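K.L.:
From the sequence below, what's the structure:
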Amino acid sequence: MSGIEEITYGRDFRAGRSGHGQLNRLSTESQRSNGERAGDGIPRIARLMALAIRFDSMLRAEKFRDYAEIARLGRVTRARMTQIMKLLDLAPDIQEQILFLPHLKGLNERNLRPIVSRIDWNEQRRMFQKLQHHFSV
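P.N.:
Residues are numbered from 1 along each chain as shown. The predicted structure follows:
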C-alpha cells in the first residue's frame, strides 16, 4: 500500500428513516492491526470542515433546500448547522490546512469562531497561525 488510504463515510439523510439505513462504511479495512478503527485518526475539526464543504456542494446542487433541512435530517440544531457551515467563511488555504492538519489536542470549531468572524483573510491567517502555535506547543 502507498501509505495513502481512502476513507468513505456516508450518511443516509432521507426523512423518516430514524436510524434505519444509515451508512457507516470505510472503503479500507474496518479495523487496523492495532485494533484502531480506520478514520479515528482524523481530527474532528477536519471532519467538520469536510462536512461543511460537502453540505455546501449539496445545497448548490439543490439536493437540499437550506441549512434547516440538513439540520433536521442530520438531527442537529439549526444553530449547530450554522456553526459548522461558517467554517466556509475561512480563507481557502486555512480550510485546506484544517483538512490535512495533524491532530492538535484542544483545537476545535469553538476555537475557530473568532477567526471565522473576521472578514479579512490576512487577519484570519495571522490568527490561525497563532492558534496553531498555541495548540502545537
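K.L.:
all contacts plus neighbour counts: C-alpha atoms, from now on.
P.N.:
OK.
K.L.:
and the gap between L112 and I84?
P.N.:
According to C-alpha to C-alpha, to the nearest Å, L112 stands 11 Å off from I84.
K.L.:
Between these two, which is the more surrounded one?
P.N.:
Of the pair L112 and I84, I84 is the one with more neighbours under other C-alpha atoms under 10 Å, namely 21 against 18.
K.L.:
Could you report the pLDDT at that one?
P.N.:
Note for I84: predicted pLDDT of 96.
K.L.:
Give me the nearest residue to I98, chain neighbours excluded.
P.N.:
Spatial nearest neighbour of I98, chain neighbours left out: A46 (5.5 Å); criterion: C-alpha to C-alpha, 6 or more residues apart in numbering.
K.L.:
quick one: the one you found from K63, how far?
P.N.:
Relative to K63, A46 is positioned 23 Å away (C-alpha to C-alpha).
K.L.:
More neighbours: which of those two?
P.N.:
Neighbours were counted for A46 and for K63 using other C-alpha under 10 Å; A46 has more, 21 against 11.
K.L.:
next structured bit after the host helix or strand of L59?
P.N.:
For L59, the host element (DSSP states H and E) is helix 44-60. Next along the chain after helix 44-60, taking DSSP H and E as the criterion, comes helix 67-74.
K.L.:
Before I go, just wanted to say thanks for your time.
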